[in-house]
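Engineer: Coordinates for the following, if possible.
(one chain, ligands or ions: 2)
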Amino acid sequence: MIQVLDKRFRKLFSENEIQERIAKMAAEIKADLGDKSPLFIAVLNGAFIFAADLMRAMDFPCEITFVKQSSYQGMDSSGKITQLIGLDRDIKDRHVVIIEDIVDSGLTMYHLRDQLLQQNPASLRIACCTFKPDALKCPLKLDYVGFEVSKLFLVGYGLDYDGYGRQYKDIYVLAE
Ligand code: 5GP
Ligand code: MG
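Structural biologist: Ligands and ions are numbered 1, 2, ... in the order given. A predicted model of the protein is given here:
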């Protein structure tokens, strides 16, 4: 058990399980894109640790860059709209893989995917560390998924509770 701010969390996936899963995901990505010099786009802040481990599991030429999504003032019909900031590369004709920490409703990823597709990449895939299939609210295909989890709140391995708890090597779930 760990304590983050006022809440207690119990371990769900160990560092070992995570690293084993990443090695398999890296092999899947290599099979698909190993000869295509893919560009990874990691979504800050949450994906920074997963992206670092996934990138280091790649033994072929690849690049990485980072983006952020800032919330707009308004909302669209889906209840959420975000603006993409920080993309410093031309992704036209590149094979792109988005790296995300967690897909919950999927709305954040849905908008990001849409924004990147407007720039005409050669292909666009999604890799996420954790995925809550029961929470998904839009048609989103995830190409590489680390762990499927139920609708519970997770922290650790980049995921935060109010900014805290990102540094843990394991993934934890809210205890109550
Ligand atoms: P979505 O748009 O898929 O509903 O939400 C995605 C974002 O919500 C994630 O990038 C993450 O910031 C946050 N989020 C969703 N579920 C969790 C969770 O279980 N733990 C944490 N720490 N953040 C979450
Ligand atoms: Mg995120």
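Engineer: what's the closest non-adjacent residue to residue 137?
Structural biologist: Leaving aside its chain neighbours, residue 137 sits nearest to residue 105 (4.4 Å; criterion: CB to CB, 6 or more residues apart in numbering). No exception for glycine: its C-beta is placed from N, CA and C like everyone else's.
Engineer: List the residues that contact that neighbour.
Structural biologist: By CB atoms under 8 Å, 6 or more residues apart in numbering, residue 105 lies in contact with 80, 135-138.
Engineer: my read is it is in a strand, agree?
Structural biologist: No - counting by DSSP: H, G, I helix; E, B strand; the rest coil, residue 105 falls outside a strand, being coil.
Engineer: Can you tell me the element residue 41 falls in?
Structural biologist: strand 39-43 (DSSP states H and E).
Engineer: How about residues contacting that strand?
Structural biologist: So strand 39-43 is contacted by 48, 50-51, 54-55, 62-69, 87, 89, 91, 94-101, 112, 116 (CB under 8 Å, 6+ apart).
Engineer: what comes up buried for the longest helix anywhere in the chain?
Structural biologist: If you go by DSSP state H, the chain has its longest helix at helix 15-33. For helix 15-33, burial by neighbour count (16 or more other CB atoms under 10 Å) applies to 18, 21-22, 25-26, 29-30, 32-33.
Engineer: For the chain, name the helix or strand with the lowest mean pLDDT.
Structural biologist: For the chain, the helix or strand with the lowest mean confidence is strand 82-85, at a mean of 84 (criterion: mean pLDDT, DSSP states H and E).
Engineer: pLDDT at the most centrally placed residue in the chain, what is it?
Structural biologist: Residue closest to the average C-alpha location in the chain (CA atoms, centre = their mean): residue 100, at 1.0 Å. Looking at residue 100, its pLDDT reads 98.
Engineer: SS state for it?
Structural biologist: Under three-state DSSP, residue 100 comes out as strand.
Engineer: how far away is it from residue 154?
Structural biologist: From residue 100 across to residue 154, the span is 13 Å (CB to CB, to the nearest Å).
Engineer: now swap in residue 29 and tell me
Structural biologist: 23 Å.
Engineer: do residue 48 as well
Structural biologist: 16 Å.
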